[in-house]
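A.B. asks: how would this look folded up:
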Amino acid sequence: INLTANTGIGNVAVGDVTITAGKGGAFDSFSMNVAASAGAVGTVTLGNETLSGAVSRSIDVTGNSIGAVTLGDISVSAGAAVTALRYADFTADTTSIGDVSIGDVTVAGTAGGSADVSDDFSAATTVGAISAGDITLTASGAGGDAYYSLSATAGTSGGSITAGDISLSATASTVNAAAGAIADLTLQSGKGAVTVGDVTVAGSAAGTGATPASASIAFSLNAATAVTVGDITVSGGGADNLATLTSWMSATAGTTTTVGNVDYSGYTAAATIDVSALLGAGEIIASSGGSTITDNMTKNIITLGAGADTVNLDANDATTALMPLDTSDATAIDEIIGFTSGVDTLDIETTSGNTTFSFVSSPAADYAAFLAAAEAAMTNFDTDIYAREVDGDIYLAIDDDNATATGAKDIEFVVKLSGITSLDSGDVTIS
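C.D. replies: Alright, predicted model coming up:
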């Protein structure tokens, strides 16, 4: 389909497109080109797209400006050992692109098959708000790949991206198939924000032989202003790359990145869950194989798992500390659930590095009494970490700077260990 004009082009509408290439067959190309060399393109409306097998589809729309763009559901599936391609490029050479609406996006690559899908919007001045439905990427078998990229490039402003729930899955279970499975999603806004719903990722690789398969997931969010992500749920634990949160999910924002709860309870191997560069993460759940968890300045409720867990509490100073600064309210501090003395560890980083630890076995009457006793111990006995039971829970008060020279021996941070009544000095490492 080719529409060209020396001036402008009106509204463009195309219904649903379904292309299926059977085994051994290929659909070489279905292209749609709309080009207004010296004028505007009106609104562009495309129906649902369903592509299966060795299929190539391209959409190119160019004009001085482009009106609102509406794309239906996009479903692209590459069968074994074939490639399915679907690319869409919208370019406003002089001014702007209107608002953009995209339906659900589903991309699947199986056993050596690669499905690659992209939607790109570029304007000399502004790009309107971009909304997309749920995005699902599934890669399975040796060499099964699924890719989707959604980007907005605006000369001056706009192009914020809002997407629904994200589901990324990579599964490989074969013999001597080092290629593995890859699911890769990129959302990028050059001038705006990126917001997505809940994120569910699953990796499974159980290959055998000299070169067993692996499962790999990549999720990149890049925004000029802010990135916001819903709850994150991770499962797997085989030969995948999900053990470290920051290895598979990267977020670059001009201001802040905020996430919802982070749940690794379905991950069976050891995990590293570092949310120190993020806001949010109100609840963090460790993997069953043992986790190293680093919190942030937001109040975090951290639930430990069956393995040996380490919680890093950075109390370095008031500007870079990774703990809430309000110690007056017992409901505003970090809370750790499921801590097992002799198995789990608290690693507390302080400015002074002093290691004076005190656990008082007799319970305090209440939280206020605990704070008063902790400050007294810090002032009178140079205590740096003071632990004591209050109503069936252990509270730890931390003096991060040991500022005896200025007379400012006081509490900077407090953490709560729920459901335990005793603590040993070996449970706490101070650096």
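A.B. asks: can you map out the helices along the stretch 251-400 of the chain?
C.D. replies: Counting by DSSP state H, counting those that start in this stretch, one finds helices in the stretch 251-400 of the chain at the ranges 367-381.
A.B. asks: remind me which residues of it are low pLDDT?
C.D. replies: 315-326, 350-355, 400 (pLDDT under 70).
A.B. asks: cutoff 50 now
C.D. replies: Residues of the stretch 251-400 of the chain that meet the criterion pLDDT under 50 lie in 317-319.
A.B. asks: Identify the residues contacting the nearest residue to Asp366 once chain neighbours are set aside.
C.D. replies: Of all residues not flanking Asp366 in the chain, Val390 sits nearest, at 6.4 Å (Cβ to Cβ, 6 or more residues apart in numbering). C-beta here means a position set from N, CA and C on the backbone, and glycine is covered the same way. Neighbouring residues of Val390 by Cβ atoms under 8 Å, 6 or more residues apart in numbering: Pro363, Ala364, Asp366, Tyr367, Ala369, Phe370.
A.B. asks: so which of those residues is the most crowded?
C.D. replies: When neighbours are counted as other Cβ atoms under 10 Å, the busiest of those turns out to be Phe370, with 25 neighbours.
A.B. asks: How about that one, nearest residue that isn't a chain neighbour?
C.D. replies: Leaving aside its sequence neighbours, Phe370 is closest to Ala364 (4.0 Å, by Cβ to Cβ, 6+ apart).
A.B. asks: How many residues are close by Ile74?
C.D. replies: Ile74 has 26 neighbours, counted by other Cβ under 10 Å.
A.B. asks: Can you tell me how far Gly63 is from Leu71?
C.D. replies: In this view, Gly63 and Leu71 are 17 Å apart by Cβ to Cβ, to the nearest Å.
A.B. asks: The two: which is more packed in?
C.D. replies: Counted by other Cβ under 10 Å, Gly63 and Leu71 do not tie: Gly63 has more neighbours, with 27 against 21.
A.B. asks: OK, contacts around the more buried one?
C.D. replies: Residues near Gly63 by Cβ under 8 Å, 6+ apart: Gly8, Ile9, Val34, Ala35, Ala36, Gly39, Ala40, Val41, Thr91, Ala92, Asp93.
A.B. asks: Just the ones in helices from those, please.
C.D. replies: Residues from the contacts of Gly63 lying in helices, with DSSP state H as the criterion: none.
A.B. asks: which one among those gets closest to Thr340?
C.D. replies: Thr91 (58.3 Å; Cβ to Cβ).
A.B. asks: Just grab the bridge partners of the closest one for me.
C.D. replies: According to DSSP bridges, the partner residues bridging Thr91 are Thr62, Ser122.
A.B. asks: Same question for Thr162.
C.D. replies: Here Thr162 sits in beta bridges with Ser131, Thr195, going by DSSP bridges.
A.B. asks: how far away is it from Gly197?
C.D. replies: The spacing between Thr162 and Gly197, counted by Cβ to Cβ, is 9 Å.
A.B. asks: got it, and Ile135?
C.D. replies: Ile135 sits at a distance of 9 Å from Gly197 (criterion: Cβ to Cβ).
A.B. asks: Quickly list what the residue nearest to Asp366 is bridged to.
C.D. replies: With DSSP bridges as the criterion, Val390 is bridged to Asp393.
A.B. asks: repeat for Arg57
C.D. replies: Arg57 has the following beta-bridge partners by DSSP bridges: Phe30, Arg86.
A.B. asks: neighbours of it, just the number please.
C.D. replies: By other Cβ under 10 Å, the residues close to Arg57 number 21.
A.B. asks: same question, Thr153
C.D. replies: Using other Cβ under 10 Å, the number of residues around Thr153 comes to 16.
A.B. asks: Kindly report the same for the one 5 residues further on.
C.D. replies: Close neighbours of Gly158, defined as other Cβ under 10 Å, add up to 23.
A.B. asks: Please identify the nearest residue in space to it, excluding sequence neighbours.
C.D. replies: In space, and not counting its chain neighbours, Gly158 is closest to Thr126: 4.0 Å by Cβ to Cβ, 6+ apart.
A.B. asks: how far away is that neighbour from Ser96?
C.D. replies: Thr126 is 4 Å from Ser96, where distance means Cβ to Cβ.
A.B. asks: Common neighbours of the two, please.
C.D. replies: Shared between the contact lists of Thr126 and Ser96 (criterion: Cβ under 8 Å, 6+ apart) are residues Gly158.
A.B. asks: low pLDDT regions in the stretch 101-250 of the chain?
C.D. replies: Looking at the stretch 101-250 of the chain by pLDDT under 50, you get 175-178.
A.B. asks: 80 - rerun?
C.D. replies: 141-143, 172-181, 204-215, 238-239 (pLDDT under 80).
A.B. asks: Assess the claim that Asn261 and Glu283 are in contact.
C.D. replies: Yes: in this structure, Asn261 sits in contact with Glu283. The criterion is Cβ atoms under 8 Å, and the distance is 4.0 Å.
A.B. asks: Look up how far Ile398 lies from the residue nearest to Phe370.
C.D. replies: In terms of Cβ to Cβ, Ala364 sits 16 Å off from Ile398.
A.B. asks: same question, Met249
C.D. replies: Counting by Cβ to Cβ, the gap from Met249 to Ile398 is 30 Å.
A.B. asks: ok, back up a step: contact partners for the residue nearest to Phe370?
C.D. replies: Phe370, Ala373, Arg388, Glu389, Val390.
A.B. asks: Now do the same contact list for the closest residue to the third one other than its chain neighbours.
C.D. replies: Here the nearest residue to Arg388 in space, its sequence neighbours aside, is Val360; by Cβ to Cβ, 6+ apart that works out to 4.5 Å. Shown here is Val360, whose contacts under the criterion Cβ under 8 Å, 6+ apart are Ala373, Tyr386, Ala387, Arg388.
A.B. asks: Now do the contacts for the second one.
C.D. replies: With contacts defined as Cβ under 8 Å, 6+ apart, Tyr386 is in contact with Ser358, Val360, Ala373, Ala374, Ala377, Met378, Leu396, Ala397.
A.B. asks: list the contacts for the closest residue to it other than its chain neighbours?
C.D. replies: Among residues not flanking Tyr386 along the chain, Ala374 sits closest, at 4.1 Å (Cβ to Cβ, 6+ apart). Under the criterion of Cβ under 8 Å, 6+ apart, the contact list for Ala374 reads Thr383, Tyr386, Arg388, Ala397, Ile411.
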